[in-house]
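[1] can you look at this prediction? I've put the sequence above it.
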2 protein chains.
Amino acid sequence: MAESTYTVTGMTCDHCVASVTEEVSEIPGVTDVDVDLATGAVKVTSAEPVAEADVRAAVEEAGYALAS
Amino acid sequence: MAESTYTVTGMTCDHCVASVTEEVSEIPGVTDVDVDLATGAVKVTSAEPVAEADVRAAVEEAGYALAS
């Protein structure tokens, strides 16, 4: 099992959290996504490590961005 | 045709706008809902005047509030 935490910018409400959670959850192998709205922290749990590029793409698909 | 404009507080992003638009649109007789995120203005167009209580209930159902 792998866990990585990213910081996502631009989320302002629970709907934003839901959008990010949904998109990141769709990455193959991801088993859990935990988003903290206040800090922008997104913890991704997966069977095998997930490429940051895939997380970045999912976050951007939701309409937000990874902090650099 | 009737038009009334209300001010809704707490909307922070386009998802909030979509939620308010959806709930207010479900009020019987409402034909158009126009929400301005920046100002919180919600313009409700309807065949007959709509009770403010109904608009307030719809906005609260969406998770927001009418400015008093």
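    That came in fine, so what should we check first?
[2] what sits against whichever residue of chain A sits closest to chain B?
    Across chain A, the shortest distance to chain B (C-beta to the nearest C-beta) belongs to residue A:15, at 3.1 Å. The way it works is simple: take the backbone N, C-alpha and C, and place the C-beta from them, glycine included. Contacts of residue A:15 were listed using C-beta atoms under 8 Å, 6 or more residues apart in numbering or on different chains, and they are B:13, B:15-16, B:18-19.
[3] surely it is in a strand?
    No - counting by DSSP: H, G, I helix; E, B strand; the rest coil, residue A:15 is not found in a strand; it is helix.
[4] pLDDT wise, what is residue A:6 at?
    pLDDT for residue A:6: 98.
[5] so what's it closest to, chain neighbours aside?
    Excluding its sequence neighbours, the residue lying closest to residue A:6 (C-beta to C-beta, 6 or more residues apart in numbering or on different chains) is residue A:42, at 4.9 Å.
[6] the host helix or strand of that neighbour - contacts with which helices or strands?
    Take DSSP states H and E as the rule and residue A:42 turns out to sit in strand A:41-46. Judged by 3 or more C-beta pairs under 8 Å, 6 or more residues apart in numbering or on different chains; DSSP states H and E, strand A:41-46 is in contact with strand A:2-9, helix A:14-25, strand A:30-36, helix A:52-62.
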